[in-house]
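**Q** can't give you the sequence, but here's the structure:
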């Protein structure tokens, strides 16, 4: 313990201090959110909308898919517009023409340059001046602006109904016909859209920037990048370079050169008896693959809807499976199958680590499995019903669609999932308890495993700190606790501890070395990762302090990723040390793939958009799914599949595997992901960035820009990567089914052929 005491203290200080930072500045966020007025009135006193209208509009937006149809403040889907930016531009164009006719009696395009400059000045003064009166809770607008608001609202009232004149635009947006048939909900939706655009333009009291730090980029109303965005971007780059340099220095001068352990002549995992509860995790692994296959097929359909907004190669599927539903299911199933893989790994390892099968452990594993199936099926059906406008607004949030990416499932299903996670945590701790009572370095590794399990079980509860009518800024704060802190933070620590245990039992690393590595890597990762949550909130109605903290710490998230690839390669090299390690070659190769995508997907593509000045122009563009696909599948997906393969190797130990399907799966999935990025996501994202800088975000997300022939060709090119990826998914599914039926095992003929083949590197024939 003395050898690792400092690292334990470091990890404890990092977690407590960074959570304090996250909470302290979260308090600032609560205090400085954009106000939701009680009323919006004209200068003559006419009430245009109320606070209740705005919040009812927020619920209406949630009900048809919310962030799965376009985006608000840059968060959401990338096919339809960002509604806040779109409303802002449309209202500004109409108001500019009204002001032009009022002061000069002519349309804006017919004015002289000096007259146009004057009108532009009046327009910016009108839209940027903060007329909110906190003592009355009222926002006042001019009569001209009220007219512009009404004309802008008419566009959305027709768009979200079934107006035939806008059918082509709906197809370009992948927005299904009659998305919001209730006229009362549509009217409320326009109030919500107006408020999000108002907050994006109106300056904070006493400041020259809007509530969203001048996002989106919209030169028409003076929304330009702020000084803070540029300064904190430079700070983040300097911190990144300093962090990488410090880590390299530490690696060079402080890492201990250790004699690697001598592997056993027989597989050490063979000495671990497979208990009934461990065998019961087999159905989890099969379910993981089934959900993975379904999720990937939905991903292909989602991508195709960006080309044919309401059809799949001419088949009119949108009437039954609208884009909002398909994208919701695609994202939610990704979280489900990856989380299920981690849960299954934990349930399998707990008795193996503890060396004891607790009473009724198998029953608990089976009950949890049934609960997971209920949550998956119930939430998917509820989301479909919500998008079909079956529920009332309140019931829709509880049983249908919350409207927020990654936490789309209704609150009722969310509660059931949390209960399931608590049950999983109890099962984990029961299995680990005997090992927690032992002495030595292995106990410390078990403590890390148990602690990360507790964090996974408890931190999902952050998703209960908001409801359907919670302020959008506050909701985003707590949503990213779940998406970033729960998924990207503590799942990472759990997976690191799980792999460390596997590698120590295989004899690839020593227990003390693994413990030190997990403690150190967790500390430096969480140091940047916990406060780095704020990098998602630069432009979500938060004060500049959030940008300062998010930019500074999120840069440091990249630092530990720089050396992970090196360590993973060192581990992979040890696979050939003795013959029996060959059977773990492919799981470990999946872990090696994780290291690559950690650096490229999470590191390079993540930092591409993380500095405030970059995200100012890129938020809500295809540069975000570029990072999301490379990081979510490349890191967490491959990690989950690698862990599943380890569990399957132990559950089906009776013979040598036919590895050809695994080889196809590994290279096709990695190759397909690379092709998606190179042929489609990256060029589209960079072209959108150029358009965003040149003209504004509204144009980069507009149908006018995205439906150009070149952009359509780039979206079609994604089918190449999708097809290659699907081949890999099919090969993996074929292999897993073959473990049950028997065709994934080598026959006597295969073994004879293998004897005639050259021996693997480091082995004799």
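**A** Yep, that arrived. All values derive from a computational prediction rather than experimental measurement.

**Q** which residue of this protein sits farthest from its center?
**A** Residue farthest from the centre of the chain, counting by Cα atoms, centre = their mean, is residue 105 at 50.5 Å.

**Q** got the confidence number for it?
**A** Listed pLDDT for residue 105 reads 93.

**Q** so what's it up against?
**A** Contact analysis of residue 105 by Cβ atoms under 8 Å, 6 or more residues apart in numbering lists nothing. (Each C-beta comes from the backbone N, C-alpha and C, glycine too.)

**Q** first-to-last residue distance for stretch 302-317?
**A** Stretch 302-317 has an end-to-end distance of 11 Å (criterion: Cα to Cα, to the nearest Å).

**Q** quick one on the thing from earlier: let me see the backbone angles for the residue farthest from the centre of the chain.
**A** phi 70, psi 20 (degrees, to the nearest 10).

**Q** give me the distance between it and residue 123.
**A** 17 Å (Cβ to Cβ, to the nearest Å).

**Q** same thing with residue 506?
**A** Residue 506 is 67 Å from residue 123, by Cβ to Cβ.

**Q** and if you look at residue 544?
**A** Distance from residue 544 to residue 123, by Cβ to Cβ: 25 Å.

**Q** nearest residue to residue 471 other than its sequence neighbours?
**A** residue 33 (5.3 Å; Cβ to Cβ, 6 or more residues apart in numbering).

**Q** roughly how far does the one you found sit from residue 463?
**A** Residue 33 sits 19 Å away from residue 463, going by Cβ to Cβ.

**Q** these two: which has the busier surroundings?
**A** Neighbours per residue (other Cβ atoms under 10 Å) separate residue 33 from residue 463, with residue 463 holding more: 24 against 18.

**Q** show me what contacts the residue nearest to the more buried one when sequence neighbours are not counted?
**A** Spatial nearest neighbour of residue 463, excluding adjacent residues (Cβ to Cβ, 6+ apart): residue 482 at 4.6 Å. Taking Cβ under 8 Å, 6+ apart, we find residue 482 in contact with 406, 407, 459, 460, 462, 463.

**Q** return the member of those residues nearest to residue 494.
**A** Residue 494 lies nearest to residue 459 out of the contacts of residue 482, by Cβ to Cβ, at 11.1 Å.

**Q** so that closest one makes contact with residue 481?
**A** Yes: counting by Cβ atoms under 8 Å, residue 459 touches residue 481, with 7.1 Å between them.

**Q** what about the two, which has more around it?
**A** Legend: neighbour count by other Cβ under 10 Å for residue 459 and residue 481, higher for residue 481 (21 against 18).

**Q** how close does that one sit to residue 736?
**A** Distance of residue 481 to residue 736, computed by Cβ to Cβ: 34 Å.

**Q** and the helices in the stretch 101-250 of the chain?
**A** Under the criterion DSSP state H, counting those that start in this stretch, helices of the stretch 101-250 of the chain are mapped to 113-128, 143-159, 167-173, 183-201, 227-253.

**Q** which one of those lies closest to residue 327?
**A** Closest among those, using Cβ to Cβ: helix 167-173, at 12.5 Å.

**Q** what's that closest one in contact with?
**A** Contacts of helix 167-173 (Cβ under 8 Å, 6+ apart): 69-70, 79-81, 159, 176-177, 308-310, 703, 706-707.

**Q** again, 10 Å this time
**A** By Cβ atoms under 10 Å, 6 or more residues apart in numbering, the residues outside helix 167-173 that reach it are 69-70, 77, 79-81, 155, 158-164, 166, 175-179, 305-306, 308-311, 318, 323, 701-704, 706-707.

**Q** can you pull the buried residues of that helix?
**A** 169, 170, 171, 172, 173 (16 or more other Cβ atoms under 10 Å).

**Q** is residue 82 in a bridge, and if so with what?
**A** residue 71 (DSSP bridges).

**Q** could you measure from it over to residue 710?
**A** 22 Å.

**Q** these two: which has the busier surroundings?
**A** A direct count of neighbours by other Cβ under 10 Å for residue 82 and residue 710 places residue 82 higher, at 31 against 10.

**Q** if I read this right, that one contacts residue 212, doesn't it?
**A** No: using Cβ atoms under 10 Å, residue 82 is not in contact with residue 212; the gap is 11.4 Å.

**Q** so what sits against both of those two?
**A** 73, 74, 196, 197, 200.

**Q** separation between residue 550 and residue 243?
**A** Counting by Cβ to Cβ - residue 550 and residue 243 are separated by 15 Å.

**Q** more neighbours, those two?
**A** Legend: neighbour count by other Cβ under 10 Å for residue 550 and residue 243, higher for residue 550 (25 against 20).

**Q** can I assume residue 660 is in contact with residue 743?
**A** No: the criterion here is Cβ under 10 Å, and residue 660 misses it with residue 743 at 11.3 Å.

**Q** joint contacts of these two?
**A** With Cβ under 10 Å, 6+ apart as the test, residue 660 and residue 743 both reach residue 735.

**Q** okay, now the unreliable bits of the stretch 301-450 of the chain?
**A** 440-441 (pLDDT under 70).

**Q** could you pull out the helices for it?
**A** 323-354, 361-387, 393-395, 411-436, 441-459.

**Q** tell me the most buried of those helices?
**A** Mean neighbour count, computed with mean count of other Cβ atoms under 10 Å, is highest for helix 323-354 among the helices of the stretch 301-450 of the chain, reaching a mean of 25.
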